[in-house]
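J.: prediction below, plus the sequence it came from.
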Amino acid sequence: MKKVGNHNSISRILKFSLALMLTFSIQLFAQDAVTPAPDAAATATPAPSATGDAAAGKALFNAQCAACHKLDAKMTGPALRGVGDKYEKEWLYKWIRNSADLIKSGDERANKVFNEFNKSPMTAFPQLSNADIDNIIAYTMEPVPAPAAVAAVPGGDQGSVQSGGISNEVILGALALVLAMLVVMLFLVNNVLTRIAKANGLEVAKSEKSLPIWKAFAKNQFLVLVTVIFFLLSSAYFVYGWFMQVGVDQGYEPIQPIHYSHRIHAGENGIDCKYCHSAARESKHSNIPSLNVCMNCHKNISEVAESTATPEYSKAFYDGEIQKLYDAVGWDKANQKYTGKTQPVKWVRIHNLPDLVYFNHAQHVTVGGIECQTCHGPVEEMEIMKQHSPLTMGWCINCHRETEVKLKDNEYYKKIHEELSKKYGVEKLTAAQMGGLECGKCHY
Amino acid sequence: MSSNKKYWKSVEELNDNSSIVETLRNNEFVEPIPTDEFLGDKDSLSNSSTSRRDFLKYVGFSTAAASLVACEGPVIKSIPYVVQPEQIIPGIADYYATTMFDGFDFANILVKTREGRPIKIENNTIEGANFSANARVHASVLSMYDNMRLKQPKVSQKEATWSDVDAKVKASLADAKATGAQVVLLTGTLASPSTNKLVAEFMANNPTAKHVIYDAVSSSEALDAFQAAYGERALAEYDFSKANTIVSVGADFLGDWQGGGYDKGYAQGRVPKQGKMSKHVQLEANMTLSGAAADRRIPMSTAEQKLALVKIFSIVTGTPVNVGKLANEAEIVNIAGQLNQSGTKGVLVSGIDDKNAQLLVLAINAKLNSEAFNPNQTRQIRKGSNQAVAELVADLNAGKVHTLIMSGVNPVYTLADGKAFADGLKKAKLSVAIALKEDETASLTSIAAPAPHYLESWGDVEIIKGIYGVTQPTIRPLFNSRQLQDNLLVWNGSDKTYYDYLKDTWTNGILSGKSWSQAVHDGIFVSATASPNSAAGVDFSAAASALAQAKPSEFELNLYTKTGMGDGQQANNPWLQEFPDPITRVSWDNYLTVSKADADKMGIKNEIVANGGLNGSYVTISVGNAKIEKVPVIVQPGQAKGTVGLAFGYGKKASLKEAMQVGVNAYALYKGFNSTQSVTITPETGEHEFACVQAQKTLMGRGDIIKETTLTIFNTEKDAKKWNPPPMVSIDHKPIEATKVDLWDSFDRSVGHHFNLSIDLNSCTGCGACVIACHAENNVPVVGKSEVRRSRDMHWLRIDRYYSSEETFAGDVKRKEEFDGLFGEKGSLGGFGQMENPAENPQVAFQPVMCQHCNHAPCETVCPVAATSHSRQGQNHMAYNRCVGTRYCANNCPYKVRRFNWFLYNKNNEFDFHMNDDLGRMVLNPDVNVRSRGVMEKCSMCIQMTQATILKAKKEGRPVNKDEFQTACSSACSTGSMVFGDVNDKESEVAKLVEDDRMYHLLEHVGTKPNVFYHVKVRNT
């Protein structure tokens, strides 16, 4: 596993600034690299199909077949590209409508497929008409699309954005140049005027040599005192500020052993946080999901879609990360079987509350009904998970002061709420009013 | 006055001509110190590559570097399951019902596990599960994480595999079968139907085999007596809740008599209900828990007890027996009369190791037709036979035993003549010890086979006939161990696992059609009926006449088991070692208890020395040819004159951490399995340093700390203020109740929860289960003997024990009130001094004291950093990370319940207890902080538990159920003395108890308004 840097490393900040500098300098050349993207759609034109509509077939395929089949890779069922060449249509009609019957009838090919795929029976689709099946077959008969030059597309975008930035810089540069020229000109004019005066025999009045400003400053003791106090106070302010961030790891974004993208899972695919972090509803921990939870979906999803890839992370990269999951959980992709050889993943913990604090997720998630994002930030946009909130006591307390307790539909709060709201003369109660500021509620 | 004495330091000084003496007189050192070598040479000093400035630079740089590095947080890894078991949710505790039986202790328990590791023992309260966990059972979870357990099978002291072991044993068994040589299976009491069946199969396979049952602390005489009278080798069961008059002749039934577990029933009858409570008379030699709880305790030697028993027998049954003159004849006759009067509501028990005495007990109870006495539902947890064990030792030494297989016993340590057993062991062809540890016996056998702890194994226990308990594993075995039953199955040539065997036995027999899963879930299964035992004809009067011949010895030794240590199986358990004995309040030791009169006679002393520790003299004790040297002595108030007591279970050396190797081995004196021995005592020189947590012995007449009254007053005096007087203070020279005066503004606590803990002094027996439960729940550290001696013990909950100085506590109060002036007969100056000494036969009272969670807490006002503060729910909070360790709070606490962490007790080699190794730390409760050095800590009223209860209710969207709140101590309290709850919930039990007439607060006049309250002790005298 990669070595993980420490939080708030100074060297990292330096590296970051260096990188920032370099990006700007490189981007100057980026414009030239732009090449027009070839028309992806044109190359992917479907091969004319004699009997079916491939577009309708694609829709049907995605709705009915995609759970178990892929075009180009084995999944629960075989890869389907070119299936129309392997089997005649009549056989396929029978197979799709009721494979079990076909197997029972002793059909040799049916039994072969059945045995090859661990004797997992295929769902029967009696609702599909011959035309439907034809359409699906037509879709499967499409040739493999040529890989589109994806990388170039965002390059173009970047170029256009950057050009705006460059022009600004040019303007600024020009202005600076003008200013410099003005200064030079002023100097020249002054010279010329002096020379003219000399030539005319005029004596330029010598200005009385005044005390240099720093000496004057040093002489004024009051000013010195005030300045010293000012500098002491301001340095104390910064030192204090620096000390206060010790141990606060806001923005901590370590490299994980598997590049897991919350953006893809929670963002693009809209998976509920608590589907994977299910313990957050019940327990003090919002568990890091065990790998069997990943496999609920990833048994079938062994690669990402082309559209998932970003300029930063290619499809090959993401597929490699899924492979890491398979290696860890011991899943043999080719044979669709668990090998039993597991390798637990050592994730780097991001949110580290010190031992002296007791925090309970269930209290906040289930009882309080607080969104995960309130504390964890826009996780669904995070490619790499990071600590969004400071997780300091001040931050906790502040929220307890402001947040109203969700009393609705909870019998527990009924009596307490009645009595407390009478006591405080308020309709709604904050966590603080419920005793949420008491030391022992979190420290024991 | 000047002294002419001359002091000299060595013999050399006597020689006037010695040059050394002359030199030393003038110089500190004989030879000059070679300072010039490194300071004199200026050149080399100035040329030295490291100058002073360089040195400072290095120091500065490394300090700066170290502090900068410290500012960066460490990288913490988290490793989730690959495949998470369905029932485990990280952070949520799972509970498994199981039954504990280790040959000595037994209990129906729930095991709390977190992320798959057991961390605490709790009582199983399902119907039928009658046996609560005692202190040792609570501590047993830590014994599983003992790093000194046997981890690997060993053949001839070398690590081996199980197949090696199996090959050797099978070969040996085959050889024995072929040659017809004797095979012996030596086990403790099994009390397991399936194991008994398995053993029978083993015997059938090996016709020359013999099964010998051996209990380290024997009940053989009682078993013999019951067998003679009722035909079954078992112990009669007693239910003290059904008795009005309880007479105990040397039976510590609140301790370990017949295995213990009687306190629950006993306590039921001890709380006055409708003006009635049971009367308890105790005749005993050592001061025991039962004696401390008794209404009337008569100290007498075991020999005298025998005579008293005969006398009672003759009166109750009307059989004339010739008994000599008794010391307390009138009182004994009176007791017998009371028993007769109570009839079926009377019961008598005895712990005398004598078959005749036990026969008389059975006869008396049968004659009374006692409801408390149950000869039908017998106890099965003691089966050992003294005779069979003696025979085995003889056979071993005669070389008759070919193969010896032992399980769960350590006879080399526990037999009086352990050496003879050890010698005999060498003569056996093959000896196997299936043991948790490589103990004294296992280290001598040819094969040492690791056994799993009960929390790692399957099993069944029939504690009471017809009530079956299931033992289920709560964690995978930590080491490469295999339990006896699995071993027997392998050696029987079966390929079944014991689990399958157990399940078969149950489904085909015990369950009679009921669900096995349900039985495992409940941990208990109550069978429909048990066949009653019928009395056989025994000549009781002959037994009585035989017993009447008992002759007193000059010094009588009464061996007993301590509440903390029991038979010594868990000697490597730091919780139990540090547990202060309820009676003597001494931890980390066993000792000889001697009466004050005898101690004075022999010149034996106990004294408190300057550092606050207790010191005691040493003696050598010998029984026949067995001798134990340097036994420390505790002067025990209430010890019968002419008797001494010594506890089993100490003085172990094998597989024990060095700190735990304390005390002396009393088993060496356990001759003929008789706990009463004639002994000679010789005082020795030297002083023993005890780790005693309570130096003050008497209550000094402070009747407001432990309030008590008699049943007569309690019943007749309707005005509770007469016997439960509120403390008075003076305002404007007028007396006023202290509770009505207040310096502070009181907060409104009527909203939400308001926790209170009620402690009934009537039903508290001082058993200490709460102390250990608190240890386990709150990660309380163990500090070791020398720290305890310095009064730095960390127990959050202590059970104070007080003696009276007069015959009764009431006598103390009266005497104190009658003090008049400083000097003279009634002078307070000498009077208070005398009151520090407990009486010869004092009254005893126990009082559990933990943080009282005062509403006006004195500790809170003096904390300079506001580390301790009050909550609306009544708990006094302690924020450890805020504490800077000024200890003002501890000084200002009137109850002395705050504990200071003088050292870092975890991961510190100076405190080599469970928190110093990875295995031992697995027992820590992940919901409670482990405190560091320099912070104050104290009872939190288990805020982690109350918060968890509240959260559970919130999650389920319901109000908290009645009596749902618990603390570790209240849930461990089997007698119901401690009740915890929310006083704002008017339905709860604690809300009713707080209104009770018997309620009072500790040191009420201080005005602290505690949230812990006590109930006045009522004695039925």
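T.: In hand now; what should we look at?
J.: low-confidence stretches in the chain?
T.: The chain I'm using is chain A. Within chain A, the segments meeting pLDDT under 70 span A:1-51, A:145-166, A:204-208.
J.: looking at chain B here, not the other one
T.: For chain B, the ranges with pLDDT under 70 are B:1-41, B:44-49, B:69-73, B:529-530.
J.: okay, now the domains of it?
T.: Domain assignment for chain B by automatic domain parsing gives B:154-218+B:384-526, B:220-379, B:552-692, B:708-1019.
J.: so which of those domains gets nearest A:Asp53?
T.: domain B:708-1019 (53.2 Å; C-beta to C-beta). In short, each C-beta sits where N, CA and C put it, glycine included.
J.: what about A:Glu108, how many residues close to it?
T.: Neighbour count for A:Glu108, taken as other C-beta atoms under 10 Å in any protein chain shown: 6.
J.: ok, which of the domains of chain B comes nearest B:Ser132?
T.: domain B:708-1019 (3.3 Å).
J.: in chain A, which spans are strands?
T.: In chain A, the strands defined using DSSP state E lie at A:331-332, A:337-338, A:347-348.
J.: can you add mean neighbour count and give these back as JSON lines?
T.: Below are those laid out as JSON lines (neighbours: other C-beta atoms under 10 Å in any protein chain shown):
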{"stretch": "strand A:331-332", "mean neighbour count": "18"}
{"stretch": "strand A:337-338", "mean neighbour count": "14"}
{"stretch": "strand A:347-348", "mean neighbour count": "18"}
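J.: export those strands to CSV and append columns for distance to chain B.
T.: Listed next are the strands of chain A as CSV, based on distance: least, C-beta to the nearest C-beta, whole Å:
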stretch, distance to chain B
strand A:331-332, 11
strand A:337-338, 9
strand A:347-348, 5
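J.: got those as a markdown table, with distance to B:Ala659 columns?
T.: Output for those, formatted as a markdown table (distance: least, C-beta to C-beta, whole Å):
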| stretch | distance to B:Ala659 |
| --- | --- |
| strand A:331-332 | 50 |
| strand A:337-338 | 48 |
| strand A:347-348 | 39 |
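J.: near chain A, which residues of the stretch 1-150 of chain B?
T.: Counting by C-beta under 8 Å from any C-beta of the partner chain, the stretch 1-150 of chain B comes close to chain A at B:71-73, B:75-84, B:89-92.
J.: please, a ChimeraX command that selects the buried ones among those residues?
T.: In ChimeraX, this line selects whichever of the residues of the stretch 1-150 of chain B next to chain A come out buried by 16 or more other C-beta atoms under 10 Å in any protein chain shown:
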select /B:72,73,80,81,82,84,89,90,91,92
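J.: looking at the residues of the stretch 1-150 of chain B next to chain A, which are in strands?
T.: If you go by DSSP E, those have B:Lys77, B:Ser78 in strands.
J.: not counting its neighbours along the chain, what's nearest residue 126?
T.: Answering for chain A, as no chain was given. Using C-beta to C-beta, 6 or more residues apart in numbering or on different chains and skipping the chain neighbours, the partner closest in space to A:Pro126 is A:Arg97 (5.1 Å).
J.: could you do chain B instead?
T.: B:Asp522 is the one closest to B:Ile126 (C-beta to C-beta, 6+ apart), at 5.4 Å.
J.: show me the contacts for that neighbour.
T.: The contact partners of B:Asp522, by C-beta atoms under 8 Å, 6 or more residues apart in numbering or on different chains, come to B:Ala97, B:Ile126, B:Gly128, B:Ala129, B:Val470.
J.: B:Ala451 too?
T.: With C-beta under 8 Å, 6+ apart, B:Ala451 has these contacts: B:Leu150, B:Ser407, B:Gly408, B:Ile434, B:Ala435, B:Leu436, B:Ser457, B:Ser481, B:Arg482, B:Gln483, B:Leu484.
J.: redo that, cut-off 7 Å
T.: B:Ser407, B:Ile434, B:Ala435, B:Leu436, B:Ser481, B:Gln483, B:Leu484 (C-beta atoms under 7 Å, 6 or more residues apart in numbering or on different chains).
J.: looking at the residues you listed, which has the most residues close by?
T.: Busiest of the contacts of B:Ala451 [other C-beta under 10 Å] is B:Ile434, holding 28 neighbours.
J.: before I go, just wanted to say thanks for your time.
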